[in-house]
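[1] Here is a sequence together with a model predicted from it:
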Amino acid sequence: MGANAPSLDTPLVLIGHEGRKRVVLAADQAARREGLRPGMAASKAQALVANLVIMDADPDADRTALEKLAIWMQRHFAPIVAPDSDGLMLDITGVAHLFGGEKAMLTEMVRKLAGVGIGAKIAAAPTYGAAHALARHVANPAFMLDADKLADALALLPVSALRLPGDILDALKQLGFDRIEELSKTPRAPLALRFGAVIGNRLDQAFGRADEPFDPILPAEMAHVRQNFAEPIGAPETLARYTTKLVEQLCAELEVKGLGARKLDLLFFRVDNRIEVIRIGTAKPVRDAKRLAKLLCDKIETVDPGFGVETMTLTALIAEPLSYRAIATSLADAPTPDVSGLIDTLANWMGEERLYRVAPVESDLPERAVQRVAAMAPPAGTTWPAHWPRPLRLLNPPERVETMALLPDRPPVFFTWRGRQRKVANADGPERIFGEWWKAKAETHMVRDYFQVEDEAGERFWLYRAGDGQDPATGPQTWFLHGIFA
């Protein structure tokens with residue numbers, strides 16, 4: 001609606017049909033504060049809130065958009081993703097370590113979604129039912145729950161967090177049930193006699209007493225192969241053998257399409273409705289079955305087959321064009337080493353985000369002159385200045401040092417860093433660097449004078465004075481250690 005959109009304080013609901021009945025399908029925060037919620041009759045909502053804004057829902061468009069978002073999340077975060085009414089469900093078992101743990105993964109999810117203009121509340125919990133409830137009632141914007149605190153956390157949540165139908169919630173409210181704790185302590189038989197098994201099922205699912213299977217989304221355009229077993233399998237060598245077969249089948253399919261795999265998801269569907277997963281990535285498109293099979297089989301030991309695996313699937317989540325071209329070379333030329341195999345092994349062992357190389361950026365300020373890029377990223381086309389060498393190690397942030405130096409352009413006679421005084425034996429400089437006023441207004445008059453110094457022990461350091469040594473507007477005239485030479 002753009003400029004015509006109602007303010008955030010205006011109660012707004014989306015109305016749709018359940019059979020012949022017009023009901024509220026979605027309500028914004030302002031509407032929820034007025035007591036409106038999904039499942040409520042549209043006429044009742046209008047009667048309760050005088051200035052209510054009502055719009056027709058478009059479930060098909062919402063479902064399509066949610067599926068597209070699920071595919072995007074699947075490619076960036078977890079192999080098992082499924083749309084879930086007004087949100088998404090992700091199984092992050094076995095992949096959270098690639099992002100530095102669950103907490104770091106949730107933070108990265110919020111950041112990436114915000115980067116594409118989507119606000120989200122995210123919760124991680126031992127059960128799907130608990131995660132669903134916490135994301136909608138506790139997370140702001142992210143919340144992580146440990147398994148030993150599951151019961152206590154659920155007990156405090158409202159009954160509406162159990163994903164129960166609207167008519168049952170209305171009846172429970174009339175009976176005086178407000179929180180899950182009250183409902184969980186009530187004998188099951190009377191509840192089942194009046195409401196059926198749905199309340200007991202939701203409680204068991206939330207507390208982890210019952211499994212809640214679901215089917216991950218699978219876009220039709222993805223290369224995908226499947227293997228069903230007449231009898232469940234579980235031995236590591238058997239899983240590895242069928243993994244190799246699936247890789248060979250997938251590579252044959254990729255060859256027909258002229259593609260190479262960049263990210264593969266291998267799913268193990270257990271007989272108890274749980275799913276184990278292995279995810280690998282490659283630095284560049286690959287269609288080498290032997291290489292891909294090794295990367296997958298190296299992780300077989302992380303798979304818990306439980307009472308057996310009845311189905312295995314392998315999906316090329318990301319595939320890119322791959323073509324071979326002939327090149328002419330001389331036998332006298334030294335062959336160019338291909339380190340992509342080593343990079344793939346290291347990245348899948350320690351995490352793709354932790355393996356990178358640094359590349360130059362066009363900036364005068366040293367801390368802005370480097371960036372992290374993928375290990376196999378093409379050359380950026382820029383280089384660092386050759387006339388003034390740069391240290392291999394930069395301190396972030398630069399560390400304050402105490403010095404004695406003659407102003408305005410003489411190097412220090414000595415400096416004290418981390419409690420140790422070092423006498424300067426040799427020095428070169430200054431190299432004057434100005435602030436980048438087009439990036440930050442505070443850098444309009446900023447000046448740094450850098451010196452390369454060597455102490456009596458032969459260690460070499462990169463020091464700078466914040467200011468030109470004369471004008472206070474250029475800096476406070478204090479000294480910092482910014483780097484250490486090898």
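    Thanks, I have it.

[2] can you map out the helices along the stretch 351-486 of the chain?
    Chain-ordered helices for the stretch 351-486 of the chain, with DSSP state H, counting those that start in this stretch as the definition, do not occur.

[3] Oops, could you answer that again for the stretch 151-300 of the chain instead?
    Listed in chain order, the helices found in the stretch 151-300 of the chain under DSSP H, counting those that start in this stretch are 166-174, 180-184, 188-195, 198-207, 236-257, 289-297.

[4] So which of those is nearest residue 30?
    helix 166-174 (19.7 Å; Cβ to Cβ). Quick note: C-beta positions are derived from backbone N, CA and C, even for glycine.

[5] list the buried ones in the closest one?
    With burial defined by 16 or more other Cβ atoms under 10 Å, the residues of helix 166-174 counted as buried are 166, 168-169, 172.

[6] Also stretch 470-486?
    474-475, 477, 479-483.

[7] Distance across it, terminal residue to terminal residue?
    When the termini of stretch 470-486 are compared using Cα to Cα, to the nearest Å, they are 32 Å apart.

[8] and it, how far out from the chain's middle?
    37 Å (Cα atoms, centre = their mean, to the nearest Å).

[9] Please report how far the residue of the chain most remote from its centre lies from residue 413.
    With distances taken as Cα atoms, centre = their mean, the residue sitting farthest from the centre of the chain turns out to be residue 406, at 50.8 Å. Plainly put, residue 406 is 8 Å away from residue 413 if you go by Cβ to Cβ, to the nearest Å.

[10] and the nearest residue to residue 297 once chain neighbours are set aside, how many neighbours?
    Taking Cβ to Cβ, 6 or more residues apart in numbering, and ignoring the residues beside it in sequence, residue 297 has residue 240 as its nearest neighbour in space, at 4.6 Å. When neighbours are defined as other Cβ atoms under 10 Å, residue 240 has 17 of them.

[11] now do residue 412
    Residue crowding around residue 412 was assessed by other Cβ under 10 Å; the count is 22.

[12] Now do the same for it: its pLDDT.
    The predicted local confidence for residue 412 comes out at a pLDDT of 92.

[13] Touching, it and residue 425? I think so.
    No: the pair residue 412 / residue 425 is not scored as a contact, 11.4 Å apart, by Cβ atoms under 8 Å.

[14] re earlier: out of the helices of the stretch 151-300 of the chain, which gets nearest to residue 101?
    Closest among the helices of the stretch 151-300 of the chain, once you apply Cβ to Cβ, is helix 289-297, at 22.6 Å.

[15] Now do the buried residues in the closest one.
    Taking 16+ other Cβ under 10 Å as the basis for neighbour counts, the residues of helix 289-297 that come out buried are 289, 291-297.

[16] same deal with stretch 364-373?
    For stretch 364-373, the neighbour count (16+ other Cβ under 10 Å) marks 365-366, 369 as buried.

[17] tell me which of the buried residues of helix 289-297 is nearest to residue 276?
    Checking those against residue 276 with Cβ to Cβ, the nearest one is residue 296 at 12.5 Å.

[18] I'd assumed residue 247 was in contact with that closest one.
    Yes: checked against Cβ under 8 Å, the pair residue 296 and residue 247 is within contact range at 6.7 Å.

[19] Would you point out the helix or strand in this structure whose mean pLDDT is lowest?
    Ranked by mean pLDDT, DSSP states H and E, the helix or strand of the chain with the weakest confidence is helix 340-350, at a mean of 77.

[20] Tell me which other helices or strands that helix touches.
    Using 3 or more Cβ pairs under 8 Å, 6 or more residues apart in numbering; DSSP states H and E as the contact criterion, the secondary-structure elements in contact with helix 340-350 are strand 275-286, helix 289-297.

[21] tell me which residues of stretch 157-167 are tucked away?
    Within stretch 157-167, the residues that qualify as buried by neighbour count (16+ other Cβ under 10 Å) are 157, 159-164, 166.

[22] Same question for stretch 214-223.
    Those would be 214, 216-217, 223, for stretch 214-223 by 16+ other Cβ under 10 Å.

[23] Do me a favour and get the end-to-end distance for it?
    The first residue of stretch 214-223 is 21 Å away from its last residue (Cα to Cα).

[24] gap between it and the chain center?
    20 Å.

[25] hmm, who's touching that stretch?
    Residues from elsewhere that reach stretch 214-223 (Cβ atoms under 8 Å, 6 or more residues apart in numbering): 67, 70-71, 74, 79-83, 89, 91, 128, 224, 250, 253-254, 257, 259, 261, 267, 275, 315-317, 319.

[26] cool, stretch 243-255 as well?
    With Cβ under 8 Å, 6+ apart as the contact definition, stretch 243-255 has outside contacts at 223-225, 227, 260-261, 264, 266, 287-289, 292-293, 296-297, 300, 312-314, 316, 319, 322.

[27] Now do that stretch: distance to the chain's middle.
    Distance, centroid of stretch 243-255 to centroid of chain: 28 Å (Cα atoms, centre = their mean).
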